[in-house]
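# Next one to model:
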Amino acid sequence: MSASSGRRADLRNVIALGLVSFLTDISSEVSLTFLPLFLSEVLGTASALIGVIEGLAESTATLLKLFSGWLSDRLGRRKVLTLLGYGLSALSKPFLYLADAWGPVLVIRFADRVGKGVRTAPRDALVADSAAEEGRGRAFGLHRALDTAGAVWGTGIIAIVVYLSQQMGAALNRSTYQRLVLWGILPGFLALLILALFVREVRPAAPNGRLRLSLRGFDRRFYIFLIALVLFTLGNSSDAFLLLRARTLGLTTLQVALMVVAFNIVYSLLSMPAGSLSDRVGRRRVILIGWTAYGLIYLGFALAGNGLQMGVLYILYGLYYAAFEGTSRALVADIVPDSARRGTAYGVYHLAVGITAFPASVLAGLLWDLFSPAAAFYFGAGMALLAAVVFGLGVRLPGR
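Model (predicted):
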């Protein structure tokens, strides 16, 4: 095989993985975006308990991200674990149709996140292994753009279903949410079909010696990045609180759905340009832009006085996601150049996020209930700016 044909094959792999994420995100957005509203407005669940559910669902699956990333290195195979993880998520979400209390919702949400925990690190390593070093930011940007395009479609479906089911009704009702869950089933299973048929395995380099499940042996910059990431994530509570904030400021269920659609359009359109920009000017600069934007926007969420301000800020929130999500994953591959340990590195990266997600969401719920909704967002803004300082001072890349 020539070098050029190899690059074409790698690009096809990235596109196929992006299509898998596209369809899965349609399924997840349709089924899960309004889950916080379902818990709050249909099941009467308190905000603090919603924070516990969201945080526990994310954090209890976190160790699987580390283990599955390491296992993909040990096996020299990424695809089988990716397929297993996507399969578990596709099978679990339809059971939300039957949920009538917060307990079953917690179990289903946990199963879905376990699926994500199994697939995420091997999938990210597979994207990195499929991309040329000089185009890694663009590859991850393309993957995130396709992933988020699925969110655009998914939230568009939400808006249509909500309008046809309850028109301009302010509160979500059970039958509307059940229709959303049904709409999410088919895309999830189509994603599995594409993954099984069109994504090819890319073997990582053979390891030097036996691979052990260890956090040791990485570049110093990787550890500093993880410290900054933990600080940031501690203030980055579940986006469920943004939807609840929008409702407290008077937006109807349909208006919230349209707001999320617009946010995802911004995220999708800017992800690939942001990834390409990081290839040219450096990951560090783009990540700093993303975290600074996050801090300023969260400050705006705290100060917002009406639904229009909240809607505009939420749409701008897509700037942070576009700048950070793909670029940060490309950065991991840059500072962990040994592909034989890349799955483990992505597992550690997601571990850092996951172990902090639970206290972040619980803390946000407590600040919301004990003080005010604004308190949760002030805290998030401060932690983002602190993380940007630590990252900016501690992580240097050659020529950047």
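
# Does the nearest residue in space to Gln166 that is not next to it in sequence lie in a helix or a strand, and which?
When the adjacent residues along the chain are set aside, Gln166 lies closest to Thr176, with 5.5 Å between them (Cβ to Cβ, 6 or more residues apart in numbering). Placement of C-beta: from N, CA and C, glycine included. Following DSSP states H and E, the helix or strand that holds Thr176 is helix 174-183.

# pull the CA atoms of that helix into PDB?
The C-alpha trace of helix 174-183 is given here as PDB (Å, rounded to 0.1, in the frame of the first residue of the first chain):
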ATOM      1  CA  ARG A 174     -44.600  12.200  30.300                       C
ATOM      2  CA  SER A 175     -46.000  11.300  26.900                       C
ATOM      3  CA  THR A 176     -43.800  13.800  25.100                       C
ATOM      4  CA  TYR A 177     -40.700  12.400  26.700                       C
ATOM      5  CA  GLN A 178     -41.700   8.800  25.900                       C
ATOM      6  CA  ARG A 179     -42.100   9.800  22.200                       C
ATOM      7  CA  LEU A 180     -38.600  11.200  22.300                       C
ATOM      8  CA  VAL A 181     -37.200   7.900  23.700                       C
ATOM      9  CA  LEU A 182     -38.800   6.000  20.800                       C
ATOM     10  CA  TRP A 183     -37.300   8.400  18.300                       C
END
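
# Convert the C-alpha atoms of stretch 150-161 to PDB, please.
Output for stretch 150-161, consisting of C-alpha atoms alone and laid out as PDB, is shown next (Å, rounded to 0.1, in the frame of the first residue of the first chain):
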ATOM      1  CA  GLY A 150     -25.800  14.500  15.300                       C
ATOM      2  CA  ALA A 151     -26.700  16.700  18.200                       C
ATOM      3  CA  VAL A 152     -28.100  19.300  15.800                       C
ATOM      4  CA  TRP A 153     -30.300  16.700  14.200                       C
ATOM      5  CA  GLY A 154     -31.200  15.200  17.600                       C
ATOM      6  CA  THR A 155     -32.200  18.500  19.200                       C
ATOM      7  CA  GLY A 156     -34.100  19.400  16.000                       C
ATOM      8  CA  ILE A 157     -36.100  16.200  16.400                       C
ATOM      9  CA  ILE A 158     -36.700  17.200  20.000                       C
ATOM     10  CA  ALA A 159     -38.100  20.600  19.000                       C
ATOM     11  CA  ILE A 160     -40.400  19.100  16.400                       C
ATOM     12  CA  VAL A 161     -41.700  16.300  18.700                       C
END
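
# Give me the contact list for that stretch.
Applying Cβ atoms under 8 Å, 6 or more residues apart in numbering, the set of residues contacting stretch 150-161 from outside is 21-30, 33-34, 176, 179-180, 183-184, 187, 254, 257-258, 260-261, 264-265, 267-268.

# Tell me how far Ile224 lies from Asp279.
Going from Ile224 to Asp279 by Cβ to Cβ, to the nearest Å gives 22 Å.

# out of the two, which sits in the busier spot?
Comparing Ile224 with Asp279 by other Cβ atoms under 10 Å, the one with more neighbours is Asp279, at 20 against 17.

# confidence score at the more buried one?
According to the per-residue confidence, Asp279 scores 85 in pLDDT.

# Show the contacting residues for it.
For Asp279, the set of contacting residues under the criterion of Cβ under 8 Å, 6+ apart consists of 134-138, 330.

# Most neighbours out of those, which is it?
For the contacts of Asp279, neighbours were counted using other Cβ under 10 Å, and Gly137 has the most, 28 neighbours in all.

# Next up, phi/psi of it, please.
Summarising the backbone geometry of Gly137 under the convention degrees, to the nearest 10, its torsions are phi -60, psi -40.

# got it, and the one 4 residues further on?
Main-chain torsions, Gly141, degrees, to the nearest 10: phi -60, psi -40.

# show me what contacts it?
If a contact means Cβ under 8 Å, 6+ apart, then Gly141 has 271-276, 278, 326-327 as its contacts.

# go with 10 Å
With contacts defined as Cβ atoms under 10 Å, 6 or more residues apart in numbering, Gly141 is in contact with 135, 270-279, 322, 325-327, 329-330.

# Can I get the buried part of these as one PyMOL selection?
For the buried members of these, the matching PyMOL selection, counting by 16 or more other Cβ atoms under 10 Å, is:
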select buried, resi 135+270+271+272+274+275+276+277+278+279+322+325+326+327+329+330
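
# Among the contacts of Gly141, which are located in helices?
Assigned to helices by DSSP state H, the following of these qualify: 270-279, 322, 325-327, 329-330.

# Give me the mean pLDDT for the helix holding Thr176.
When pLDDT is averaged along helix 174-183, the result is 90.

# List the buried residues of it.
Per 16+ other Cβ under 10 Å, helix 174-183 contains these buried residues: 176-181, 183.

# now that helix, how far from the chain's geometric center?
Its chain's C-alpha centre and that of helix 174-183 lie 23 Å apart, by Cα atoms, centre = their mean, to the nearest Å.

# how about Asn236, secondary structure?
coil (DSSP: H, G, I helix; E, B strand; the rest coil).

# and it, what is it in contact with?
When contacts are counted by Cβ under 10 Å, 6+ apart, Asn236 is found next to 229, 291, 294, 298, 320, 353, 356-357, 360-361, 364, 380, 383-384, 387.
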